[in-house]
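>>> structure for this input, please:
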Amino acid sequence: MAEQSETAERVIAPVPRITIQAFCEVSETAAMIEAAAQDRRLQRARVKVRMGGGAAAIEAFRHAPTPNVIVLEVQGARSKPLECLDALAEVCDEGTRVLVIGHLNDVTLYRQLLQRGVSDYLMAPVDPLTLIASISEMFTAAGVRPIGRSIAVFGVRGGIGASTVAHNLAWSVARGQGVPTVIADLDIAFGTASLNFNQDPPQGIAEAVFAPERLDAALVERLLSKCSDNLSLLSAPASLDRTIDLSEPAFDVLIEHLRSSVPCLVLDVPHQWNAWTKRVLSAADEILVVAGPDLASLRNAKNLLGALKHGRPNDALPRVLLNGTGMPKRPEIAAAEFAKALDVPLAATIPFDPSLFGTAANNGQMIAEVQPGSKLADLFNDLAASAIGRVETRHKSGASLLEPLLAKLAARRKAS
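Below is the predicted model of the structure:
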């Protein structure tokens, strides 16, 4: 049987522009499919849900073309699934895939369904992500490289350090985790990625966004500049020679090309709220929200989490990072209080360190290059591991497995 595991932990490729019609027997399944249709991964597909099960499907397509995918619910032997599929096969167009949602855990039935050409059999109850993953896999060609994970980094207000976090995160994924990565600077007018990585590429993201008809894998490859063995940069021109009024899907094709070329894509999303930034954030696999320990950041973060939760009902909440804590003589909201107000745990807390961050920025380096092995370098590496789904255990600096034994010996000496 198709295993319904934690699909949220793996990257599910967006479903292409297809038509899907579902024929359900119980209202709960119909509601689940309607909920799945609102997911970001199905935004390009056209989904229609009907009641009536197999009988309704046969009648619907007796004199009408069939869609790309038929989702058919069968409740058990009384639904006569095999007879129903045989009758459906007589009215199905070539190329139509059939996915069956069943209520009977029967290996024999499963094999008989596969012999009749059914693409997948899912045991009810099915969650939306399991259904989406099954449909997505139907359109993933064998041998094609899996789609890469996209991580969007967004600051809840200007000047909060979101770009610095995005660049160090990308560097840590590439260098610390050994994962080939692209960092894409989406701030066409004021992007700083080329400065922070000490690069001066002749071309960048503007060529891809303003001429989408020319965009292909070869052009994307030419636009990337290499920062290290595993890290490439798609820089912004930081030019004001034209106004930048982008349409909602302006970055769709570019992001699709980038995700198909590398395992990890980090998107440095500028602080603005419009159709395209909302679309980029909503479509990302992982979102990292950067905030400061102040009231404006708290309000904006709360509003942002609410908006994204509404548009991403089947995804985990964005991770929230508190940046610049502990600034001398500045009143601030404590990290624990900030997390409590948002009702989410903080992914990380970055202390105020103007000397370290200033040196890195002026040298065009990352934190781990200026101070390798420092607490901040370790923090970004742990954040990178978490963002790509890895769990790392790190001993505290100077700690060893003998530490408990040494502590006991020291206590005995002190007692004697």
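
>>> please, which helix or strand holds Asp187?
Assessed by DSSP states H and E, Asp187 sits outside every helix and strand.

>>> skip the chain neighbours and tell me the closest residue to it.
Distances taken as Cβ to Cβ, 6 or more residues apart in numbering place Pro270 nearest to Asp187, at 3.8 Å, with adjacent residues excluded. Every C-beta, even on glycine, is put in place using the N, C-alpha and C of the backbone.

>>> list the buried residues of stretch 309-318.
Buried residues in stretch 309-318, defined by neighbour count with 16 or more other Cβ atoms under 10 Å: 312, 314-315, 318.

>>> correction: the previous question concerned stretch 44-58.
Within stretch 44-58, the residues that qualify as buried are 45, 47, 49, 53-54, 56-58, counting by 16+ other Cβ under 10 Å.

>>> and the end-to-end length of that stretch?
26 Å (Cα to Cα, to the nearest Å).

>>> give me the mean pLDDT for it.
Predicted confidence along stretch 44-58 averages 92 (mean pLDDT).

>>> what is the nearest of the buried residues of stretch 44-58 to Val156?
Using Cβ to Cβ, Ala45 is the member of the buried residues of stretch 44-58 that lies nearest Val156, at 31.9 Å.

>>> what sits against the closest one?
By Cβ atoms under 8 Å, 6 or more residues apart in numbering, the residues touching Ala45 are 15-20, 37, 135.

>>> tell me how many other residues surround Ala360.
Neighbour count for Ala360, taken as other Cβ atoms under 10 Å: 22.

>>> greatest separation within the contacts of Ala45: which pair is it?
Largest separation among these by Cβ to Cβ: Pro16 and Ala37, giving 14.8 Å.

>>> the two: which has the busier surroundings?
Ala37 (19 against 13).

>>> that one and Ile20, how far apart?
Counting by Cβ to Cβ, to the nearest Å, the gap from Ala37 to Ile20 is 8 Å.

>>> okay, and the common contacts of these two?
Common neighbours of Ala37 and Ile20 (Cβ under 8 Å, 6+ apart) are 45, 47.

>>> re the thing from before, now, the most widely separated pair of the buried residues of stretch 309-318?
Maximum pairwise distance in the buried residues of stretch 309-318, criterion Cβ to Cβ, is 14.0 Å, between Asn314 and Pro318.

>>> which residues sit against the host helix or strand of Leu233?
For Leu233, the element it lies in under DSSP H and E is strand 231-234. Under the contact criterion Cβ under 8 Å, 6+ apart, strand 231-234 has outside partners 170-171, 174-175, 180-185, 193-194, 197, 199, 201, 204-205, 208, 223-227, 258, 262.

>>> Val209 against Ile188, yeah?
Yes. With contacts counted by Cβ atoms under 8 Å, Val209 reaches Ile188, the gap being 6.9 Å.

>>> so Ile20 bridges to which residues?
Val47, Val69 (DSSP bridges).

>>> which phi and psi does the residue nearest to Asn274 when sequence neighbours are not counted have?
Nearest residue to Asn274, sequence neighbours excluded (Cβ to Cβ, 6+ apart): Leu246, at 7.9 Å. Main-chain torsions, Leu246, degrees, to the nearest 10: phi -90, psi 150.

>>> residues touching Leu246, list them.
209, 274, 276.

>>> next one: it from Leu254, what distance?
Look at Leu246 and Leu254: by Cβ to Cβ, they are 11 Å apart.

>>> between those two, what contacts are shared?
Common contacts of Leu246 and Leu254 (Cβ under 8 Å, 6+ apart): Val209.

>>> partner strands of the helix or strand hosting Val100 and their direction?
Val100 is part of strand 97-102 when elements are defined by DSSP H and E. Looking at strand 97-102 with DSSP bridges, its partner strands are strand 69-74 (parallel), strand 120-123 (parallel).
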